[in-house]
Each structure stands twice: as structure tokens, then as C-alpha cells.
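K.L.:
Turn this into a structure:
(one chain, ligands or ions: 3)
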Amino acid sequence: MILDTIHSPADVRQLSLSELEMLSGEIREFLIQSVAQTGGHLSSNLGAVELTIALHRVFDTLQDPLVFDVGHQAYVHKLLTGRKDQFHTLRQWDGLSGFPKPYESPHDAFIAGHASNSVSVALGMARALALQGKDSSALALIGDGALSGGLAYEGLSDAGGSKLPLIVILNDNGMSIQPNVGGMHRHLRDLRCQPSYYHFKKWYRSLFGKQPQRNPLYRQIHKVKTSLKRAIYPKSSLFEDMGFVYLGPVDGHDIQQLTQTFDWAKKLQCPVVVHVKTIKGKGYRFAEENPGKFHGVSPFDPKTGVTKSGDSFSSHFGAELVALAGENPKLCGVTAAMADGTGLSPFEIAYPERFFDVAIAEGHAVAMSAGLCKTGMRPVFAVYSTFLQRGYDMLFHDVALQSLPVVFGIDRAGLVGADGETHHGCLDVQYLCQIPNFTVLCPSNYAEMTTMLHWATSQEEGPVAIRYPRGGEGEFIQDTALKTTVELRSGADVTLVGYGMCVNHLLEAAHTLETLGVQAKVVKLNRIAPLILVIYKKP
Ligand SMILES: Cc1ncc(C[n+]2csc(CCOP(=O)(O)OP(=O)(O)O)c2C)c(N)n1
Ligand SMILES: CC(=O)[C@@H](O)[C@H](O)COP(=O)(O)O
Ligand SMILES: [Mg+2]
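P.N.:
Numbers count the residues shown, from 1 in each chain. Ligands and ions are numbered 1, 2, ... in the order given. Next up, the predicted model:
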């Protein structure tokens with residue numbers, strides 16, 4: 001196998017085009033078999049095989065920092081940078097991370113996990129490299145989904161005027177986790193339709209040798225061509241308007257074309273956007289047919305594509321929201337590109353006119369929900385705890401200061417497991433409980449979550465967040481939700497206090513303590529903000 005001979009990108013650069021095409025096939029087969037065992041982000045990586053190979057042919061990622069956006073598509077990069085033998089440990093404790101980690105390899109320029117920051121980070125790197133007198137390029141690899149986040153536009157706007165050798169590689173597969181949405185998505189679709197212009201541009205540049213921009217005649221003709229283009233075809237790409245040279249669309253599964261375009265982008269020594277078209281899930285039938293299912297997939301049977309799936313807090317939340325929306329015509333469901341993960345997909349089917357997928361734009365989702373609420377609707381924004389961090393100021397400014405009764409389903413609260421530290425929902429307790437007027441509820445099981453959701457969507461007092469973890473409920477399934485705090489067990493020696501799924505551990509601990517002769521009281525908090533609780537009374 002060629003893949004077995006690849007220990008670093010230098011090995012990739014030794015291969016002929018036909019060998020690289022064979023390598024692409026081997027990488028795909030390896031990823032399918034390996035992710036089938038461990039679970040992981042399959043579709044995006046299958047789509048980025050040729051793209052990653054071509055990047056490593058043209059750039060040296062030890063000198064030219066490659067910043068991944070989200071980073072879920074870095075598996076091929078990991079394979080080409082000497083980490084193949086660790087793939088069986090993917091996403092496990094002490095194993096290979098599912099995201100770029102500089103501690104794993106000097107080829108991983110930066111951490112990633114949350115979307116839309118790559119252009120900003122790469123621009124910072126380009127500025128640092130320029131200040132240090134280095135002539136490397138900084139690279140940002142961003143998907144069309146991640147491009148929907150507002151932070152990406154702040155980065156592009158700053159970078160477009162920088163004149164620095166910053167290359168934004170836009171991996172456009174038309175998909176976020178589900179099909180991409182929004183105005184930028186439509187703009188990209190229009191750009192996608194004009195490959196003939198790209199081919200003309202490539203041809204006419206080739207007439208002036210390897211570095212056409214150094215040729216005064218080329219520069220003169222280029223000015224005339226640009227004015228003509230503007231006159232005949234006034235619609236330019238947003239990227240050109242922002243100050244980038246736009247190259248594309250390029251076939252993202254054609255190594256030769258990708259290599260030539262990256263070479264060209266490198267020589268330009270200015271801000272460039274390379275627009276690459278790829279197919280999410282490419283080369284694995286089940287993933288091409290259902291890229292969303294194989295976006296972040298649990299272990300599966302590679303022959304049939306069948307995964308195991310159980311019920312979860314998310315699926316119960318979604319089902320309950322559908323039921324509530326049947327009774328309450330004001331209720332709206334809001335997601336930031338996570339309809340499947342948060343269990344809101346059935347809501348989209350049942351009430352499409354009251355369902356809003358705003359793309360990867362959590363801050364916008366919070367402010368937009370505030371607008372919905374102020375104007376008489378009852379929005380429920382279901383969002384992963386870690387991603388709501390992006391909307392912190394809007395929680396305070398747009399929702400809490402006016403005590404708007406927006407409801408937040410805080411999914412993936414607590415540790416999430418395989419995705420690791422970028423995705424743990426460890427901060428929402430701190431950041432929600434300090435916002436004035438916020439009520440924060442912590443169900444320990446599905447029944448409590450249902451009761452809390454009913455209450456939250458029917459009250460008018462202010463914002464309510466209901467936080468629940470990834471996965472399903474534990475042994476404690478009693479519904480105590482209507483009380484603020486509940487004594488689950490009495491005991492005079494020690495008091496154990498907790499909330500959410502943690503009460504299962506507290507009850508277990510109390511039981512163990514009893515066998516040691518210690519009587520433990522267990523107090524469960526259903527509401528952690530505002531917190532009015534008397535645990536200790538003076539005799
Ligand atoms: C701030 C933030 N919100 C949501 C997510 C969840 N998420 C991870 S990947 C993804 C879709 C990204 O789409 P795209 O960038 O086009 O990459 P593709 O998967 O299509 O390769 C989403 C919504 C995230 N990582 N970060
Ligand atoms: C890369 C990313 O941010 C998402 O794909 C995330 O990994 C989904 O997590 P769940 O598997 O918990 O839905
Ligand atoms: Mg995409």
C-alpha cells in the first residue's frame with residue numbers, strides 16, 4: 001500500500017499523479033474502515049482527500065501554517081503527517097484527537113473545534129510572519145458551512161485589505177451538517193456555476209509565463225480586463241469586492257487542477273480565495289447519499305452503513321417541542337445549523353413555517369430569537385452549551401436586560417466525551433447563572449425535562465435555560481421538576497448536593513456511604529439560578 005509508505009508530506013511530494021490518485025483511494029478505504037470502528041467525522045474527510053493531498057504538494061505546513069476551520073476535516077492531514085498508526089485510538093482517552101492539536105504534531109498550526117475563526121487566526125499568523133521577515137503563506141481551510149458564521153466575515157474584511165499572502169481555501173460542498181442555508185450559500189451557488197471564467201483566466205495568465213504579475217504588459221491588460229469584466233458582468237464575487245483575488249471554482253477531486261491553482265495562489269503573494277467544489281462523503285455510497293448521518297457518526301457496519309442509535313435527551317426535547325407547538329401556535333423552533341444534533345429535525349418537518357435554521361450563527365440566533373419574542377412569538381433556541389458561548393453578549397444585551405421569555409434548550413451540557421475539550425459544555429453554568437433575570441433549570445431525566453419545558457414555554461417572566469447532557473437518562477427517573485429543590489434522601493452525617501444527571505452519582509455515593517455507617521442526605525437542585533437555598537439551618 002502506498003499509504004503505508006507515507007510518513008510525512010515529503011513522501012507525498014515524491015509521488016506521481018497516478019500514484020497520488022491511488023493514494024486517494026487507499027486513504028478513503030482506510031478512513032471508512034477505521035472510523036467504522038471508532039466513530040468520527042467521516043463525510044467531511046472523505047470529501048477533502050484530494051484537497052489535502054494537493055495542499056501538501058504545494059505548501060510546507062511546517063513553514064506555511066495551515067489553520068483548519070472547525071478541524072473535523074483534519075483526518076487526511078493527520079494521515080499524511082505521520083499519525084496513521086494512531087488512528088485506532090481516535091477520539092479516545094490518551095488517543096489521537098479528532099481535531100488538530102499542536103501538541104500532537106508541529107504540522108497542526110492551531111487548535112480548532114468551534115467554527116468560523118480560521119481566517120482571523122491565519123491573518124494573525126500572516127501578520128506575525130511578515131513582521132518576522134518570513135515569506136511564508138498563511139492558509140485558512142474553511143467550509144461553506146463555517147463561512148456562515150459572522151466571525152468569518154470580520155476576518156475576511158480585515159484580511160481583504162491586508163495585502164498579505166493569506167490564502168483562504170473555501171471547501172464548498174453545499175453542506176453544513178445538513179444542506180447549507182442562507183444568502184451566502186446562494187452567492188456561492190452562483191459562483192459555482194461559472195467555471196468557464198476560471199478556465200479563461202487560467203489560459204490568459206499562462207500566456208505571460210510563470211509570474212505574470214511581474215510583467216508590465218500583463219498588469220496593463222489585467223486592468224483593461226477587469227474594467228471590461230465589470231462593464232459586461234457587473235456581478236463580482238463578494239471576495240473580490242473585499243480585496244481578495246478569487247480563483248475558482250476548482251474541481252476539488254482533481255489533484256492536478258488543485259495543485260496548479262494552489263501554486264498560482266502561492267505565487268500571487270496577496271490575499272487569495274481559492275473556491276474548491278467538493279462532494280461531502282465522496283467515495284462511500286452511504287455517506288454520499290446521507291452526508292448528515294456520516295458527518296459525526298458513531299461506530300457503524302462499513303458494509304451496510306448501519307449505526308446503532310438510542311433515545312436521548314435531545315430526541316425527547318425535539319419530540320416534546322413538536323407536541324407543545326401543536327397546542328401553542330406562537331411557539332417557534334430555532335437552531336444554528338444543528339437541527340439533527342439538537343433533536344429539532346422533526347419540528348422542521350411538522351412546522352416548517354415556525355422553524356428557523358439560521359446557519360452557524362449562534363449570536364445571531366440569540367438576537368433573532370429576542371426579536372421574535374419581543375414581537376409576540378415564543379422562540380425555543382436549542383443549542384449545544386459550548387456553541388452558545390458565541391452568543392454570550394446577546395444573552396445579556398438582547399434577551400436578559402428586557403427579561404424576554406426566550407427559552408433555551410442547552411444541549412450537550414457537561415462533558416461530551418469523544419470531541420474533547422473544545423466541545424465540553426463546562427462553562428454554561430457559570431456564564432448563565434451570572435446573567436441577571438435568567439432562570440436555569442437542570443432536569444435529571446426526560447420526565448423532568450418535559451415538565452420544565454412546559455413551564456418555561458408558558459411563563460412570561462423572563463428567559464429560561466434548561467440544561468441537559470449528551471446521551472440518555474440514568475436510573476433516577478422520578479419527576480420532581482415542580483419543586484425548586486428536593487430532598488431525595490435523608491441523613492444526618494453529611495449532605496450531598498447536586499443537579500442534573502449528577503444526582504445518579506450522589507444517590508450511589510450515599511448508598512456506598514451507608515454501607516460504611518455514614519448517613520448522607522441527598523439534595524437535588526432543579527433550579528440553579530436564581531439560587532435560593534438553605535442547606536444548613538442553625539439549631
Ligand atoms: C460555533 C460552532 N457552531 C456549530 C458547530 C457544529 N458544526 C461542526 S461542523 C459543522 C458544519 C460545518 O460545515 P462546513 O464548514 O461546510 O464543513 P463540512 O462539514 O461541510 O466539511 C457544524 C454546524 C461548530 N463546530 N462550531
Ligand atoms: C465538529 C462538530 O462540532 C460537530 O460535528 C460535533 O462533533 C457534533 O457533536 P455530536 O456528535 O455530539 O452531535
Ligand atoms: Mg460544507
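K.L.:
need the residues of the stretch 401-539 of the chain near ligand 2, please.
P.N.:
Arg412, Val416, Asp419, Arg470 (Cβ under 6 Å from any ligand atom). For every residue, glycine as well, the C-beta is placed using N, CA and C.
K.L.:
Was I right to think the second one contacts Gly425?
P.N.:
When you say that, I think you mean Val416. Yes - counting by Cβ atoms under 8 Å, Val416 does reach Gly425; the two are 6.6 Å apart.
K.L.:
Give me the common contacts of these two.
P.N.:
Thr386 (Cβ atoms under 8 Å, 6 or more residues apart in numbering).
K.L.:
before we move on, back to that, among the residues of the stretch 401-539 of the chain next to ligand 2, name the buried ones.
P.N.:
Burial by neighbour count, 16 or more other Cβ atoms under 10 Å: within these this picks out Arg412, Val416, Asp419, Arg470.
K.L.:
List the ones among those that fall in helices.
P.N.:
Members of those lying in helices (criterion: DSSP state H): none.
K.L.:
Adding distance to Glu26 and pLDDT, write the residues you listed out as CSV.
P.N.:
Compiled in CSV, those are given as follows (distance: Cβ to Cβ, whole Å; pLDDT from 0 to 100):
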residue, distance to Glu26, pLDDT
Arg412, 34, 98
Val416, 32, 97
Asp419, 27, 98
Arg470, 33, 97
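K.L.:
mind checking the SS state of the nearest residue to Gly305 once chain neighbours are set aside?
P.N.:
Leaving aside its sequence neighbours, Gly305 sits nearest to Phe286 (Cβ to Cβ, 6 or more residues apart in numbering; 3.1 Å). Using DSSP: H, G, I helix; E, B strand; the rest coil, the structure places Phe286 in helix.
K.L.:
and Phe286, how many neighbours?
P.N.:
22 (other Cβ atoms under 10 Å).
K.L.:
what's the answer for Arg285, then?
P.N.:
9.
K.L.:
Return the per-residue confidence for it.
P.N.:
pLDDT recorded at Arg285 is 98.
K.L.:
With Pro234 instead?
P.N.:
According to the prediction, Pro234 has pLDDT 53.
K.L.:
returning to that earlier point: my guess is the residue nearest to Gly305 contacts Lys303. True?
P.N.:
No - using Cβ under 8 Å, Phe286 is not in contact with Lys303, being 9.7 Å away.
K.L.:
contacts for the one helix or strand Cys373 maps to?
P.N.:
Under the criterion of DSSP states H and E, Cys373 resides in helix 362-374. Contact partners of helix 362-374, identified using Cβ under 8 Å, 6+ apart, comprise 150, 332, 334-336, 356, 358, 379, 381, 383, 387-391, 393-395, 398-399, 402, 404-406.
K.L.:
And for stretch 150-168?
P.N.:
Contacts of stretch 150-168 (Cβ under 8 Å, 6+ apart): 69, 116-120, 122-123, 126-127, 130, 135-140, 142, 146, 239, 242-244, 262, 265-266, 268-274, 361, 363-364, 390.
K.L.:
Up against ligand 2, what does this structure have?
P.N.:
Checking the chain against ligand 2 by Cβ under 6 Å from any ligand atom, the hits are His41, Val70, His72, His295, Gly296, Gly341, Arg412, Val416, Asp419, Arg470.
K.L.:
quick revisit: quick one: contacts for the residue nearest to Gly305?
P.N.:
Shown in contact with Phe286 (Cβ under 8 Å, 6+ apart): Lys293, Phe294, Thr304, Gly305.
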